[in-house]
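Enquirer: got a structure for you, letters missing:
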């Protein structure tokens, strides 16, 4: 299959990590192996997506290609949107719906950061990046400084680097455990399921919808 799933992401770290996560969800969790091509578009910051015309510009880029079967938009819902990431996702989905794209689009807001999902996984091999005995106390869904926490808990002389560590840590996310603990990660998984169902049915949905109860 030459078709591809496109991803619109915020930065250099997600440009590498998000395709790996989508591939894991498709192959390891959902048992779907027909998609092997994942093409990220780097927005270089949420400020290039949220303002009017921002997300639209990147979605129009995916309209122009011939191999796009669907799009995943992945953002960090940091302090400004932490308490209600669903509002941000629904707002962006409403704008995307107005474009009338010929393929499905799903929008996901990691709460607060993509790296917050790693904090649910300190019992996996992610601990190999950290000081012995490092533990996180609290709710990672409210941690709007996950990158900083990871850096502070790495051995002396080391700091968390999105361009290298984010991809490698993604390979060690425990999918079932993180789904159980993290509402925004459950949304991530469900969004991929929605995307596949829409592709299978040849329906150009955009989610989340206004009436959805998802984050």
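Expert: Nice, I can see it. Given the structure is predicted, the values throughout are model-derived calculations rather than measurements.

Enquirer: from residue 184, how far off is residue 88?
Expert: Per Cβ to Cβ, to the nearest Å, residue 88 is found 11 Å from residue 184. (Each C-beta comes from the backbone N, C-alpha and C, glycine too.)

Enquirer: kindly report the same for residue 25.
Expert: Distance, residue 25 to residue 184, by Cβ to Cβ: 14 Å.

Enquirer: the more surrounded of those two?
Expert: Just comparing residue 25 and residue 184: by other Cβ atoms under 10 Å the higher neighbour count belongs to residue 184, 25 against 22.

Enquirer: contacts only, for the nearest residue to residue 77 once chain neighbours are set aside.
Expert: In this structure, residue 77 finds its nearest non-sequential neighbour in residue 85, 3.5 Å apart by Cβ to Cβ, 6 or more residues apart in numbering. For residue 85, the contacting residues are 77, 109, 111, 184, 215, by Cβ atoms under 8 Å, 6 or more residues apart in numbering.

Enquirer: of those residues - the most surrounded one?
Expert: Using other Cβ under 10 Å as the neighbour test, the contacts of residue 85 are led by residue 111, with 30 neighbours.

Enquirer: correct me if wrong: it contacts residue 184.
Expert: Yes - at 4.1 Å, residue 111 and residue 184 qualify as touching, with contact defined as Cβ atoms under 8 Å.

Enquirer: quick one: buried residues of the helix or strand containing residue 95?
Expert: Per DSSP states H and E: residue 95 is located in helix 85-97. For helix 85-97, the neighbour count (16 or more other Cβ atoms under 10 Å) marks 85-86, 88-90, 92-93, 95-96 as buried.

Enquirer: and the next element down the chain from that helix?
Expert: Under the assignment DSSP H and E, the closest C-terminal helix or strand after helix 85-97 is strand 105-110.

Enquirer: so that next one versus helix 85-97, what angle?
Expert: Between strand 105-110 and helix 85-97, the angle comes out at 160 degrees (axes from the mean of the first three to the mean of the last three Cα atoms, to 10 degrees).

Enquirer: averaged pLDDT, the helix or strand that strand 105-110 is followed by. What do you get?
Expert: Scanning forward in sequence from strand 105-110 by DSSP H and E, the next helix or strand is helix 116-119. Here helix 116-119 scores 96 as its mean pLDDT.
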